[in-house]
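A.B. asks: Any chance you could fold what I've pasted below:
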Amino acid sequence: MVLERFFKRVDSRGSNMDQTPVVDEVLPDEPTLELNEATPGTVSATATPDMIKKPEDIDVDINMTLVHRSLTLLLDNRFVEAEEILKRHYETDMHFALGYGAMLTFQAIMTLDKKEIEKGYKILERGLELTDKRRQKKTDYLRMRPPTYEEVVAELLYAETLLLDSLLTFAQSDSVIAMIKGAVKGRTSYGIYKDLYSKYIVRPGDPAQKQQPIKVSNDFLSGILLGYGCFQIILAMVPPKLLKLLELVGLQGDTQTGLDALAKGVELDGLRSPFCAQAITTYNTAFKFNLDPYNIDLSVVDSLCEKYLTRHPNCVSFHFFTGRAAVLRRDLTGAAETFEKCVKLQNEWITMHHTCWFELMWIAAMQQKWAEAADYAQRLFGASNWSKTSYLYLLGSFRYAQYVDCDPSRKYANDPNITNLFRDVKEYQIRIAGKRLQVEKYCVRKARSYHNQNNFLFYPAIEAMFVWGMFVLLDKQMTKKFISQCQERLELITDHQLSPDDKGLGHLMVGALWKHCYLLESAEVQEEREMFLEKSEESLKKSLSFEKQIKKDHFVIAWSNYELAELYWLKKDDKQASERLKACKKVSSKVKYSLESRIMFKVHNLQERVKELQKERS
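C.D. replies: Next up is the predicted model:
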């Protein structure tokens, strides 16, 4: 009954245009904007505050000129000026309410500050009121009156505002009710995007081509493509169990469809085109990095960053993506220089420094500069509200590595500072959408193991790099160094001192590193590559040999099965790959373990690749 009431309540404010016929009338484009000669394609940001009219005097042309100007300021890192423009008119104009709400949503999510969340939520609620007033009324829809241009635009703005509102609903409260409300708002937003996409985006072979759609501006079309494309990509990455549930309420996605939509959005050069570009670069440098890191098309990232940095040379977001592309190329020195530049480019939104510090922390860790990595972890713990539990655990792990590496014969980190760090890890756990973060649960359990094992962990810094997916970014020399250190650690500590959990973990990491060596080596050196795969398989099977003895770290068994499945996929042995994926899922049916969602996310993606292999073989 609770779910039914929520669906009715939100759907009553949902799309009024589900069955609106395509209209033949030609409507005006957005106004032509003054361009900045120094940076072609951008709106001049030289207007003075006196040029900004009062809300009651504002007209459509000035309205859209100011919206474009605020976007230019945003891309030039002049965040305070952009916010001032949007703040002036958010109470009376739906474009300004959306823009101001979007900025506040970003700040709220970056800070997780309750006051920022409440402020953003208030602005977005005002935006929903303004857009709802200007959308096509149900009475007009029932009379079959075609929507006006303003009504069509209001429909899009309503979907955009509702999506942001759903994100803040998740962040605002950790209750189940808030989670349901956020999900329903998201579903309604997707429904509107889907409806607008089918009406106003002409695709090859689409039935909509038989009728001439309303002529609308590129600003409008880029907004549809941005929302629809993002939804398609996100829904396509949902794990199978949740996907079945989403499909029951009409939610399903396709990654390529989403990327194609976003690419069209970039080509239109409309108001939302820079955000389409950012969505594509985010997918390639973040999401695909976690799914299939060895097959990322960085040329797409390079071309988009070049395009927008030509227009906005100091845009911190595109400089950040340039740094991410350098990391994925394993150019750690060049990446570090780019992230350091990002930090220096602006000081108005300090929270954007945190993403750069996070990248710099992992670059230092991969280079085994433990003191530097610890310094960045400490900065993040002090300045960021995002997962202080994780930052504190990573700080302790890097200090642990620094302590042990000073004297390789040391087996225990008997340092009171390290002990205190691990002791405090559990104090900072947070909830998002009513649930604790899985990675924080993992950190708390590992910190507990440190105390239960008399100040001992196998090699927490290297394990953290494995868990956070950093192994795939190591070059060949670094990889072999990590293998050597893990093997030395396994040999140094006698059997009665090392638990089955740690033995399994050690062999899992060695196996994953040998597999990475195989993927790094060129195809010409086939004999050496085959040797790497044999060593990987041997290590992973050793890890699985401790399955019945492992007491706590059951993720080791699930992850070892996943790594073996991918190894067999590389060998084009789809039968054994499928068997290992089944074994991985079987662990989940027997016991709850750390990082289960993360591993199942990888399993879902590998399963699709195995199916493709099976089709090729058949």
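A.B. asks: Contact partners for L271?
C.D. replies: By C-beta atoms under 8 Å, 6 or more residues apart in numbering, the contact set of L271 is 30, 67-68, 71, 218-219, 222-223. Any C-beta I mention is one placed from the backbone N, CA and C, and that applies to glycine too.
A.B. asks: Closest one to I85 out of these, please.
C.D. replies: V67 (8.4 Å; C-beta to C-beta).
A.B. asks: ok, now which ones touch the closest one?
C.D. replies: Contacts of V67 (C-beta under 8 Å, 6+ apart): 95-96, 99, 271.
A.B. asks: how about the closest residue to F79 other than its chain neighbours, secondary structure?
C.D. replies: In space, and not counting its chain neighbours, F79 is closest to E348: 4.5 Å by C-beta to C-beta, 6 or more residues apart in numbering. Here E348 is recorded as coil under DSSP: H, G, I helix; E, B strand; the rest coil.
A.B. asks: now E348: how far from D76?
C.D. replies: For E348, the distance to D76 equals 11 Å [C-beta to C-beta, to the nearest Å].
A.B. asks: again, but for G191
C.D. replies: 35 Å.
A.B. asks: returning to what we had before: per-residue pLDDT, the residue nearest to F79?
C.D. replies: We have a pLDDT of 92 for E348.
A.B. asks: ok, I462 - how many residues close by?
C.D. replies: I462 has 23 neighbours, counted by other C-beta atoms under 10 Å.
A.B. asks: check contacts around it.
C.D. replies: I462 neighbours (C-beta under 8 Å, 6+ apart): 401, 482, 485-486, 509.
A.B. asks: at 6 Å what do you get?
C.D. replies: F482 (C-beta atoms under 6 Å, 6 or more residues apart in numbering).
A.B. asks: which SSE is it in?
C.D. replies: Take DSSP states H and E as the rule and I462 turns out to sit in helix 460-467.
A.B. asks: Quick one: distance of that helix to the chain centre.
C.D. replies: Its chain's average C-alpha position is 20 Å from that of helix 460-467, according to C-alpha atoms, centre = their mean, to the nearest Å.
A.B. asks: before we move on, what about stretch 220-230?
C.D. replies: 18 Å.
A.B. asks: So for it, what gets flagged as buried?
C.D. replies: Buried positions in stretch 220-230, judged by neighbour count with 16 or more other C-beta atoms under 10 Å: 220-230.
A.B. asks: T65 - how many residues pack around it?
C.D. replies: 21.
A.B. asks: check which helix or strand covers it.
C.D. replies: T65 belongs to helix 60-75, assigned by DSSP H and E.
A.B. asks: downstream neighbour of that helix in the secondary structure list?
C.D. replies: Taking DSSP H and E, what comes next after helix 60-75 is helix 79-89.
A.B. asks: Between helix 60-75 and that following helix, find me the angle.
C.D. replies: Orientation of helix 79-89 against helix 60-75 (axes from the mean of the first three to the mean of the last three C-alpha atoms, to 10 degrees) gives an angle of 150 degrees.
A.B. asks: Could I get the pLDDT score of the residue lying closest to Q453 once chain neighbours are set aside?
C.D. replies: Leaving aside its sequence neighbours, Q453 sits nearest to S499 (C-beta to C-beta, 6+ apart; 7.1 Å). On pLDDT, S499 comes in at 88.
A.B. asks: Mind giving me the ChimeraX command for buried ones among the contacts of V67?
C.D. replies: Here is the ChimeraX selection string for the buried members of the contacts of V67, based on 16+ other C-beta under 10 Å:
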select :95,96,99,271
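A.B. asks: In strands only, show me the contacts of V67.
C.D. replies: In strands, judged by DSSP state E, none of the contacts of V67 are found.
A.B. asks: Out of the contacts of L271, which is nearest to H353?
C.D. replies: Checking these one by one against H353 (C-beta to C-beta), the nearest turns out to be L71, at 22.3 Å.
A.B. asks: sorry, back to before: columns secondary structure on top of the buried residues of stretch 220-230, output as CSV?
C.D. replies: Listed next are the buried residues of stretch 220-230 as CSV, based on three-state DSSP:
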residue, secondary structure
F220, helix
L221, helix
S222, helix
G223, helix
I224, helix
L225, helix
L226, helix
G227, helix
Y228, helix
G229, helix
C230, helix
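A.B. asks: I appreciate the help and will end here.
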